[in-house]
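Asks: any chance you can model this:
(one chain, ligands or ions: 1)
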Amino acid sequence: METAITASRRLTVSLFSRLRTEQGQANPFPLYAELRSKGEVIAAPWGGHIVTSYELCDQILRSRNWLEPDADWRERQGTGTRWGAPSSREMSKTLPALNPPEHTRVRRSAGMFDRGTLKQLRAPVSHITRRLLDSLAERLQDGEADFHALVSEELPVATIGHWLKLPTADFPRLRALTHDQVFTQELLPSASQLALSDAATAELRVYFTDLVHERRRQPGDDPVSRWITVWDTLESDRDRADEAVYLLALFVLLAGLETTSTLLSTATLLLLEHPRQWDRLAVQPDLVPAAVEEALRYDPPTHVISRVAAKDCVLGGVEVREDEMAHLMVAAAHRDPAKHEDPELFNLHRKPAHLAFSGGIHYCLGAPLARLEAQTLLHQLVTRFPRLALARRPSWAPRVAFRRLLNLDVTLI
Ligand code: HEM
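Replies: As a prediction, the model looks like this:
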């Protein structure tokens, strides 16, 4: 019995190390299928549990018995662990690491993308997209262009920068910092990755704290100024109000850049890899929203979401102790045959349920903006460049939880 457990553990270790290579990230799905074949709930070799089925991932996200790994939980793991890193401690104060009742209070204060705000953003997003596609057209005259660098990396930072009213000159630095910062949110960050994340987090703190102070001095018509007004009613102490606003501004930048860039490139890649569906979209652009949803199911930007058990429980027949972590392999769950018919087929007509934006009380507040950017881009792209094609397969950074494309070379045929 012991040898069977050891063998199974060794298999999971090998699977995750293959997943963390560039090759593993280029196509993690056969590895996910292997993982799913081992069960709905598998022991994680580093402690905790790995969840592979759609039903259990969905159930955990909606359950009150599963919590975010908040500041108290991180402290209980010990200062010498990754959870004690300065970047992790800073993240523990942001919205997605809070549990009720604090989570409820902060989430209400954020009031993010209601219909009116989204309507106001439609024209600027469309305009930014058109400008980026102009530069793509220009570059394509030379034969090939890196769509990821020219378009996907630019649209999210230009959109959030416009919304938060940040200076254009700051965009490249902010984007570079978010790429480094994300390591602290990865599944198994190395010490050097954590060091990069710590440095990026410290620089972002200075940037956004200065921004909050500036907007307090000179309020305008922007989300940061509005959050200051809201937090002045929630906190009698001005420094605490400023800190809460800083954390909101920091987190929307971290949440909205890399994830959206990945969605834009992944959706484009999937359509170019399925030329019949691309051609279909070109004649029927009203299928664009469905294409975005299917891309979010087929290869979501976030492959893993984690929660911790609020109390002892049994999960999929496996005993779980209070405080143990469950890693929800949402990208694997999206290909669960018990949820989706022919899950390996990329199919525009599917209208799929997915967990790309999480579920339950932490459902992504930026989902309407991410959808707006992706739909605007695909619509303009397919109508303006119906003869776009892939020049070669792209490459990916060796991550596990947060997908990151490194390039997407396209050409015209
Ligand atoms: C395709 C793009 C995006 C994806 C895939 C994505 C994914 C996610 C996921 C999976 C979560 C939940 C994490 C958890 O349950 O622990 C989340 C939360 C969140 N996202 Fe997004 N996101 C995207 C874009 C954005 C954008 C553009 C913004 C804001 C401008 C944003 C703001 C947020 C916020 C504020 C939360 C925290 C919600 C809470 O904890 O209550 N996201 N996102």
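Asks: closest residue of the stretch 101-250 of the chain to the ligand?
Replies: Nearest residue of the stretch 101-250 of the chain to the ligand, counting by Cβ to the nearest ligand atom: residue 107, 4.7 Å away. Yep, even glycine has a C-beta here, placed from its N, CA and C like the rest.
Asks: Provide a list of residues in contact with residue 48.
Replies: 324-327 (Cβ atoms under 8 Å, 6 or more residues apart in numbering).
Asks: gap between it and the ligand?
Replies: 15 Å (Cβ to the nearest ligand atom, to the nearest Å).
Asks: please tell me how far that residue sits from residue 54.
Replies: From residue 48 over to residue 54 the distance is 20 Å, taken as Cβ to Cβ, to the nearest Å.
Asks: distance of whichever residue of the stretch 151-300 of the chain sits closest to the ligand from residue 161?
Replies: Closest to the ligand within the stretch 151-300 of the chain is residue 256: 3.0 Å, counting by Cβ to the nearest ligand atom. Using Cβ to Cβ, we find residue 256 at a distance of 10 Å from residue 161.
Asks: please identify which of the two sits among more neighbours.
Replies: Each of residue 256 and residue 161 has its neighbours counted (other Cβ atoms under 10 Å); residue 256 has more, 23 against 19.
Asks: got the contact list for that one?
Replies: Here residue 256 is in contact with 156, 159-160, 366, 369-370 (Cβ under 8 Å, 6+ apart).
Asks: residue ranges with poor pLDDT in the protein?
Replies: Filtered on pLDDT under 70, the chain yields the residue ranges 1-2.
Asks: now do the strands in it.
Replies: 41-43, 49-51, 66-67, 144-146, 304-309, 313-315, 318-320, 325-329, 388-390, 409-412 (DSSP state E).
Asks: contacting residues for the nearest residue to residue 58 once chain neighbours are set aside?
Replies: Using Cβ to Cβ, 6 or more residues apart in numbering and skipping the chain neighbours, the partner closest in space to residue 58 is residue 359 (6.0 Å). Counting by Cβ under 8 Å, 6+ apart, residue 359 touches 58, 61-62.
Asks: how about residue 38?
Replies: Contact analysis of residue 38 by Cβ under 8 Å, 6+ apart lists 8, 11-12, 52.
Asks: for the stretch 251-400 of the chain, what lies in contact range of the ligand?
Replies: Within the stretch 251-400 of the chain, the positions lying close to the ligand (Cβ under 6 Å from any ligand atom) are 251-252, 255-256, 259-260, 263, 300-302, 305, 356-358, 362, 364-366, 369-370.
Asks: let's go with 8 Å and repeat that
Replies: Residues of the stretch 251-400 of the chain lying close to the ligand by Cβ under 8 Å from any ligand atom are 251-253, 255-257, 259-260, 262-263, 296, 300-302, 305-307, 330, 355-367, 369-371, 373-374.
Asks: give me the neighbour count for the residue nearest to residue 395 when sequence neighbours are not counted.
Replies: Nearest residue to residue 395, sequence neighbours excluded (Cβ to Cβ, 6+ apart): residue 406, at 4.8 Å. Residue 406 has 14 neighbours, counted by other Cβ under 10 Å.
Asks: contacting residues around the residue in the stretch 51-200 of the chain positioned nearest to the ligand?
Replies: In the stretch 51-200 of the chain, no residue comes nearer to the ligand than residue 96, which is 3.6 Å away by Cβ to the nearest ligand atom. Residue 96 makes contact with 68, 251, 255, 362, according to Cβ under 8 Å, 6+ apart.
Asks: right, and the second one touches residue 93 too?
Replies: No: the criterion here is Cβ atoms under 8 Å, and residue 251 misses it with residue 93 at 9.3 Å.
Asks: who's more crowded, those two?
Replies: Neighbour count, other Cβ under 10 Å: between residue 251 and residue 93, residue 251 has more, with 21 against 18.
Asks: tell me the centre residue of this structure?
Replies: Relative to the mean C-alpha position of the chain, the nearest C-alpha, by Cα atoms, centre = their mean, is the one of residue 259, at 3.8 Å.
Asks: next, the contact list for it, please.
Replies: Counting by Cβ under 8 Å, 6+ apart, residue 259 has contacts 301-302, 370, 402.
Asks: try residue 367
Replies: residue 357.
Asks: do residue 19 as well
Replies: 25, 28, 31, 400.
Asks: out of these, who's the most crowded?
Replies: residue 28 leads the contacts of residue 19 on contacts (other Cβ under 10 Å) with 25 neighbours.
Asks: quick one: the closest residue to it other than its chain neighbours from residue 61, how far?
Replies: Once flanking residues are discounted, residue 28 sits nearest to residue 19: 5.7 Å by Cβ to Cβ, 6+ apart. Using Cβ to Cβ, residue 19 is found at 22 Å from residue 61.
Asks: flag every residue of the stretch 51-200 of the chain that's near the ligand.
Replies: Residues of the stretch 51-200 of the chain lying near the ligand (Cβ under 8 Å from any ligand atom): 61, 68, 94-98, 103, 106-107, 110, 112-113, 156, 159-160, 163.
Asks: ok, residue 392 touching residue 409?
Replies: Yes: between residue 392 and residue 409 there is a contact at 5.5 Å, judged by Cβ under 8 Å.
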